[in-house]
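Starting from these lines, generate the structure:
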Amino acid sequence: MGTICVELAVLDDPRLLDALASLDQQTRRPDQVLIAGSPASPPALFAEAERRFPGLPIRVERIPGRAVDAREGSLESIDSATTAFLDTDEVAPPEWLERLVTPIEQGRADFTGGPTRPRRPPHGPIEQYVALLEQSIYDDLVGKSVTYLPLQNTAWRTAALRALHFDPTIPGAEDYDLEIRAVHSGLHGLYVPDAWVYHDKSDETNLFRWASRRYRLYHVPMAMSLLKNGELGARLREQRRPVQHPLRYLDALMKPPALLSAMVRERRRRVRTATPVPAGISAR
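The predicted structure is shown next:
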């Protein structure tokens, strides 16, 4: 068996301690737990994590920016054969890591992913809609295409991650972009239904704030990813059962303006990436 790193990207979320507690109970112990934290994260949170879980091989790395920047910035410092991702708002049952990494170690997959389950019964319309939406992803989409696997419950051959990299220009859909490029490059992804985690989606109750975040952090970057990878036509043709909840109509109304915004942003992104690099500056 190879070595495993579990990475958690953290800004300022005390639920990190619950996630670490679940890692401390895994039947397959991680060889490294990398906490990729923003410099704005309180040092006391990380100190408490190291104090409370002395049996976990925790390493804290401070990386400026968002979660995508933390994941990208940590790639070169990971020396484990396999890298798994868990979010701070998730709790994993004891068999999670073993179930997730076994297909990779057996050579049956280059990356794997599992589903999420609500950590508690949904309260209010937003939580109810999010729970139904996530369930529909696993019921209707992931079985047809592993590119729909949310990053926060996936495992990868670390060498594959280093070859692909994360694209920080589309934060919020970097997982979809990564998985599309992985499949296009010939890597094999595998959905592992038994490798599930509990997901806590109880952090938003204001409808306007939720809709604003969903538009900015999901719909626009998702459309950018589709345009970047030539997948817009396939996405429009796919068959998916509508989620039976009133908020699906609001969700649908946000998609056309998000696509227009994404077209403008993707055009700008292509111009920037096509700009010649001045002499003396190395392009990545």
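
For the nearest residue to G55 once chain neighbours are set aside, grab phi and psi.
Using CB to CB, 6 or more residues apart in numbering and skipping the chain neighbours, the partner closest in space to G55 is D24 (6.1 Å). Every C-beta, even on glycine, is put in place using the N, C-alpha and C of the backbone. In terms of degrees, to the nearest 10, the main-chain angles of D24 are phi -70, psi -10.

swap in R29?
According to degrees, to the nearest 10, R29 has phi -80, psi 130.

Next: I170.
In terms of degrees, to the nearest 10, the main-chain angles of I170 are phi -130, psi 60.

just checking, it touches L227?
No - applying CB atoms under 8 Å, one finds I170 not in contact with L227, separated by 9.8 Å.

buried ones in the helix-or-strand element of the chain with minimal mean pLDDT?
The weakest-scoring helix or strand in the chain, judged by mean pLDDT, DSSP states H and E, is helix 232-237 (a mean of 85). Residues of helix 232-237 classed as buried: L232 (neighbour count, 16 or more other CB atoms under 10 Å).

What of stretch 173-193?
Buried, per 16+ other CB under 10 Å, within stretch 173-193: 173-183, 187, 189-192.

Please identify which of I170 and L227 sits among more neighbours.
Neighbour count, other CB atoms under 10 Å: between I170 and L227, I170 has more, with 25 against 19.

Tell me where the model's unsure across this protein.
203, 274-284 (pLDDT under 70).

go with 50
276-284 (pLDDT under 50).

And the longest helix along it, what does it pack against?
Ranked by residue count, the top helix of the chain under DSSP state H comes out as helix 247-274. Helices and strands touching helix 247-274, by 3 or more CB pairs under 8 Å, 6 or more residues apart in numbering; DSSP states H and E, are helix 124-136, helix 207-214, helix 220-228.

Which parts of the protein are helices?
For the chain, the helices defined by DSSP H cover 16-23, 43-52, 67-74, 96-105, 124-136, 158-164, 174-184, 207-214, 220-228, 232-237, 247-274.

residues contacting the closest residue in space to S74 that isn't next to it in sequence?
Take S74 and drop its neighbours on the chain: the residue closest to it by CB to CB, 6+ apart is A36, 4.7 Å away. A36 is in contact with 7-10, 61, 63, 70-71, 73-74, counting by CB atoms under 8 Å, 6 or more residues apart in numbering.

Check S41 too.
10-12, 62.

ok, now V243?
Counted by CB under 8 Å, 6+ apart, V243 has contacts 129, 132-133, 136.

so how many other residues sit close to the spatially closest residue to it that is not a sequence neighbour?
Spatial nearest neighbour of V243, excluding adjacent residues (CB to CB, 6+ apart): L132 at 4.9 Å. Neighbour count of L132, defined by other CB under 10 Å: 15.

doesn't H245 make contact with L132?
Yes - judged on CB under 8 Å, L132 makes contact with H245 at a distance of 5.5 Å.

Count the residues that sit near the closest residue to P103 other than its chain neighbours.
Distances taken as CB to CB, 6+ apart put A109 closest to P103, at 4.3 Å, once the chain neighbours are dropped. Using other CB under 10 Å, A109 has 22 other residues around it.

now do the one 10 residues further on
R119: 17 surrounding residues under other CB under 10 Å.

now it: how far from S136?
According to CB to CB, to the nearest Å, R119 stands 18 Å off from S136.

T158 and S80 touch, don't they?
Yes - the pair T158 / S80 is scored as a contact, 6.0 Å apart, by CB under 8 Å.

what touches both of those two?
What both T158 and S80 touch, as defined by CB under 8 Å, 6+ apart, is the set C5.

Can you tell me what sits against stretch 172-187?
Under the contact criterion CB under 8 Å, 6+ apart, stretch 172-187 has outside partners 68, 71, 110-111, 145-152, 154, 160, 163-164, 166-168, 170, 189, 216-218, 220-222, 224-225, 228-229, 231.

which ones are touching the closest residue to R265 other than its chain neighbours?
Computed as CB to CB, 6+ apart, the closest residue to R265 that is not its neighbour in sequence is M224, at 5.8 Å. M224 is in contact with 169-170, 173, 262, 265-266, 269, counting by CB under 8 Å, 6+ apart.

Throw the residues you listed into JSON lines and include distance to L45, thanks.
Below are the contacts of M224 laid out as JSON lines (distance: CB to CB, whole Å):
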{"residue": "T169", "distance to L45": "29"}
{"residue": "I170", "distance to L45": "28"}
{"residue": "A173", "distance to L45": "27"}
{"residue": "A262", "distance to L45": "35"}
{"residue": "R265", "distance to L45": "33"}
{"residue": "E266", "distance to L45": "36"}
{"residue": "R269", "distance to L45": "34"}
